[in-house]
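# Following is a predicted model, sequence given first.
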Amino acid sequence: MKIATWNVNSLKVRLPHLLDWLQSAAPDVVCLQETKQTDDVFPAEALRAAGYDSAFSGQKTYNGVAILSRLPLSEVQTGIPGFVDEQKRVLAATIEGVRVVCVYIPNGQSLDSDKYQYKMAWLDALIAWLKDEMQRHPRLALLGDYNIAPEDRDCHDPAAWVGQVLVSEPERARFQALLDLGLKDAFRLFEQPDKSFSWWDYRMMGFRRNLGMRIDHILLSPDLAPMCQASEIDKAPRKLERPSDHTPVLATLRLE
DNA sequence: ATGGCCTGCAACGCAGGA
């Protein structure tokens, strides 16, 4: 089972890229973030025609998540239980016995912003919920835009980013708390090229100069991680005209 | 790297992203 995550930065704009990519990459499951559209206009029919069922939770202008699957989805859930949040950032579904959790973790804006406080509280709620969710679903995959570069090697210029969101110590501590639950970073289970990133700023020719960050991740529970055969970042969609600023991250699982 | 872009909304200049 090939699973993937991709922040599309507007599904309306990126639908042609997505449909092409589904064809070429042939993933079985795709978690999308920043769909930026309400559920009544979600392109479920176009995706169904491409062979994918979908679950989605969107809102106008901001945020929005979806899970696409070639296999049946069940137990669809939106949001973090008990955490009141107007923003559509979480969607979970069970596919082939795997609990797939799609997250769009808040950006935080800057360390002195109230959005940063929201990010921290949000992450604490996520960690607490996942601890329970992993008990219920030993095969769990957490995919999404984490807005956290876990280590300095996940940032093109760590010195320039000191004191900024995506790399701050409290954010990284919460990423580590996810690892402490037993989750494994699928990408780091394998040898990877240096300076592997999943997001590049639209400005300053960030992609061409590879001034990026690795902030989109696939974490796998202890039962699932040993079944992971490969994980990679697919940079191809980032090279197209009018791309998303993020590019897909994939993991291949051999379910036993 | 110190700014430059992109998106959506709604009405052309914001907010928000990262």
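Arrived safely, thanks for sending.
# Over to the residue nearest the centre of chain A: give its phi and psi.
By C-alpha atoms, centre = their mean, chain A has its centre lying nearest to A:Gly144, at 1.1 Å. Main-chain dihedrals, A:Gly144, degrees, to the nearest 10: phi 160, psi -170.
# and the closest residue in space to it that isn't next to it in sequence, how many residues sit next to it?
Computed as C-beta to C-beta, 6 or more residues apart in numbering, the closest residue to A:Gly144 that is not its neighbour in sequence is A:Val103, at 3.7 Å. (Glycine included, C-beta is placed from N, CA and C.) By other C-beta atoms under 10 Å, 26 other residues sit near A:Val103.
# which ones are touching A:Val103?
The contact partners of A:Val103, taken as C-beta atoms under 8 Å, 6 or more residues apart in numbering, are A:33, A:65, A:89-90, A:126, A:142-146.
# so which of those residues also contact DNA strand B?
A:Asp145 (C-beta under 7 Å from any atom of the strand).
# follow-up on the earlier one: wait, a strand at the residue nearest to A:Gly144?
Yes. Assigned with DSSP: H, G, I helix; E, B strand; the rest coil, A:Val103 falls within a strand.
# measure it to A:Arg188 for me?
According to C-beta to C-beta, to the nearest Å, A:Val103 and A:Arg188 sit 18 Å apart.
# so the residue nearest to the centre of chain A touches A:Glu34, yeah?
No. A:Gly144 is not in contact with A:Glu34 according to C-beta atoms under 8 Å; the separation is 10.4 Å.
# between these two, what contacts are shared?
Common neighbours of A:Gly144 and A:Glu34 (C-beta under 8 Å, 6+ apart) are A:7, A:104.
# residues from the stretch 1-150 of chain A in reach of DNA strand B?
Residues of the stretch 1-150 of chain A lying near DNA strand B (C-beta under 7 Å from any atom of the strand): A:7, A:9-10, A:12-13, A:34, A:36-37, A:60-62, A:106-107, A:109, A:115, A:145, A:147.
# Would you list the buried entries among those residues?
A:7, A:9, A:34, A:36-37, A:106-107, A:145, A:147 (16 or more other C-beta atoms under 10 Å).
# Looking at those residues, which is nearest A:Leu224?
Taking C-beta to C-beta as the measure, A:Leu224 lies nearest A:Asp145 of those, at 20.1 Å.
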